[in-house]
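Asks: Turn this into a model:
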Amino acid sequence: MSPSRRQPAAAILDIDGTLVDTNYHHAVAWFRAFRQHGHVVPLWRIHRHIGMGGDQMVGSLLSDEVERAEGDAIREAEKALYLVFIAEVEPLRGARALLEDLRDRGRKIVLASSAKAQEVDHYLDLLDARELATGWTTSADVQRTKPAPDLVLAAMELLDGAPAVMVGDSTWDCEAAKRAGLESIAVLTGGFSEGELRDAGASAVFGSIDELRLALDDTPFG
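Replies: Predicted coordinates for the structure are as follows:
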């Protein structure tokens with residue numbers, strides 16, 4: 001039995017795609033940003049990279065040469081385009097209820113994001129989460145984005161050494177947790193398959209936040 005199961009774990013919860021339904025908005029924003037700069041990248045390829053840090057997207061989807069020449073401009077375009085969509089973003093069903101469930105069980109909660117503070121503030125308002133979370137992260141807290149472990153490590157610092165488990169929706173979340181030495185649980189809300197998430201390190205995969213809530217007793221949060 002793992003240490004996280006001997007002692008109920010704190011929760012490090014990814015925000016984008018896990019608690020709020022943003023992945024496809026970001027995919028379209030990246031598509032339009034690339035297209036503005038003369039690069040047509042199929043949406044399905046962009047989607048496979050959502051959850052990876054924006055600082056790595058251009059080089060991964062195009063080339064290091066394009067990253068050096070145009071990376072900053074493309075990222076700025078994506079940020080501006082995404083802000084057109086952000087008013088349409090909704091919490092995923094059961095997201096706030098999950099936070100309440102974890103709070104009622106006495107679990108510490110850190111909301112983990114490498115988004116800009118403006119976006120994270122918007123999501124905190126959408127979820128009405130400020131009173132439920134122990135803390136949260138933003139882009140200011142990380143140097144390297146997922147799949148590097150920096151974001152998870154920054155979230156762990158807010159827990160003062162408490163054992164924790166990461167909950168995410170993408171392979172990049174699971175990979176970052178693994179590199180930080182944490183167990184991860186995944187939900188299918190990001191559009192990645194159960195097999196992909198398990199291969200990336202997820203110990204359990206649920207179809208939705210509501211399914212995770214129903215199974216909390218069988219997780220390290222029990």
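
Asks: which helices and strands sit right next to the helix ranked longest in the chain?
Replies: With DSSP state H setting the assignment, residue counts place helix 64-85 as the longest helix in the chain. Using 3 or more C-beta pairs under 8 Å, 6 or more residues apart in numbering; DSSP states H and E as the contact criterion, the secondary-structure elements in contact with helix 64-85 are helix 23-36, helix 54-61. Every C-beta, even on glycine, is put in place using the N, C-alpha and C of the backbone.

Asks: Serialize the ones you listed to TSV and add fields for mean pLDDT.
Replies: Compiled in TSV, the helices and strands packed on helix 64-85 are given as follows (pLDDT from 0 to 100):
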stretch	mean pLDDT
helix 23-36	97
helix 54-61	94
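
Asks: could those helices go into JSON lines alongside distance to residue 184 and mean neighbour count?
Replies: Compiled in JSON lines, the helices and strands packed on helix 64-85 are given as follows (distance: least, C-beta to C-beta, whole Å; neighbours: other C-beta atoms under 10 Å):
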{"stretch": "helix 23-36", "distance to residue 184": "17", "mean neighbour count": "19"}
{"stretch": "helix 54-61", "distance to residue 184": "19", "mean neighbour count": "20"}
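
Asks: got those helices as JSON lines, with distance to residue 178 columns?
Replies: Written out in JSON lines, the entries for these read as follows (distance: least, C-beta to C-beta, whole Å):
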{"stretch": "helix 23-36", "distance to residue 178": "21"}
{"stretch": "helix 54-61", "distance to residue 178": "17"}
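
Asks: sorry, back to before: tilt between the longest helix of the chain and helix 54-61?
Replies: For helix 64-85 against helix 54-61, the angle between stretch directions is 130 degrees (axes from the mean of the first three to the mean of the last three C-alpha atoms, to 10 degrees).

Asks: Domain-wise, how is this structure divided?
Replies: Dividing the chain into domains by automatic domain parsing, as the record does, gives the ranges 3-21+90-218, 23-88.

Asks: Out of those, which is the most enclosed?
Replies: Scoring the domains of the chain by mean neighbour count under mean count of other C-beta atoms under 10 Å gives domain 3-21+90-218 as the most buried, with a mean of 20.

Asks: List the contacts of the spatially closest residue to residue 135 that is not a sequence neighbour.
Replies: With C-beta to C-beta, 6 or more residues apart in numbering as the criterion, residue 135 has its nearest non-adjacent residue at 4.0 Å, and that residue is residue 158. Residue 158 sits next to 110, 134-135, 137 when contact means C-beta atoms under 8 Å, 6 or more residues apart in numbering.

Asks: Quick check: phi and psi on residue 158?
Replies: Comment: the main-chain dihedrals of residue 158 come out as phi -80, psi -10, following degrees, to the nearest 10.

Asks: any idea how far it is from residue 58?
Replies: 30 Å (C-beta to C-beta, to the nearest Å).

Asks: mind checking the SS state of the nearest residue in space to residue 106 that is not next to it in sequence?
Replies: The shortest distance from residue 106 to any non-neighbouring residue, by C-beta to C-beta, 6+ apart, is to residue 8 (7.6 Å). Per DSSP: H, G, I helix; E, B strand; the rest coil, the local secondary structure of residue 8 is coil.

Asks: With residue 87 as the reference, measure out to residue 166.
Replies: Using C-beta to C-beta, one obtains 29 Å as the distance from residue 166 to residue 87.

Asks: again with residue 215
Replies: 33 Å.

Asks: In contact with the nearest residue to residue 55 once chain neighbours are set aside, which residues are there?
Replies: Closest residue to residue 55 in three dimensions, ignoring its sequence neighbours and counting by C-beta to C-beta, 6+ apart: residue 145, at 5.6 Å. With contacts defined as C-beta under 8 Å, 6+ apart, the neighbours of residue 145 are 52-56, 114, 151.
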